[in-house]
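In: 3D model of this:
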Amino acid sequence: FRERLPSDAAEAEFLAQVSRLAQSVGLTVKEFRPGTVSQRGDYSELEIGLSCEGSYESVCRFLKGLPDLPRLSSLTGIDVQASPEKKT
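Out: As a prediction, this is how the structure comes out:
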């Protein structure tokens, strides 16, 4: 458990981990927004906002893969929107 909690925020490292997961499931990370850092005893908590684009299946596979990242992470909210249908 302690190995999954880095001593500093290391946003770039976390972005790389999230990006690799997203790419592996066919999801595109459009925006990465680091938020506030909160001190929680002997570790820090960093809030991150992501905007992604992909299929329903890729979103589900991404969410399933989050707990397997090397860094401890938790999902606190999600907003899913369908793309407008393209006319052919």
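
In: from here on, contacts and neighbour counts on C-alpha atoms
Out: Noted.

In: all strands for the chain, in order.
Out: Taking DSSP state E as the test, the strands found in the chain are 28-40, 43-53.

In: Throw those into TSV and include mean neighbour count, distance to residue 19 and mean pLDDT, thanks.
Out: Listed next are those as TSV, based on neighbours: other Cα atoms under 10 Å; distance: least, Cα to Cα, whole Å; pLDDT from 0 to 100:
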stretch	mean neighbour count	distance to residue 19	mean pLDDT
strand 28-40	12	7	84
strand 43-53	14	10	84
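
In: May I see these organised as a markdown table, with distance to residue 69 added?
Out: What follows is those, written out as a markdown table (distance: least, Cα to Cα, whole Å):
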| stretch | distance to residue 69 |
| --- | --- |
| strand 28-40 | 16 |
| strand 43-53 | 15 |
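
In: Residue 25 reaches residue 63, doesn't it?
Out: No - shown here, residue 25 and residue 63 do not form a contact pair, counting by Cα atoms under 8 Å, at 10.0 Å.

In: where does the protein dip in pLDDT?
Out: Across the chain, the ranges flagged by pLDDT under 70 are 1-9, 86-88.

In: mind redoing it with 80?
Out: For the chain, applying pLDDT under 80 flags the ranges 1-11, 37-45, 83-88.
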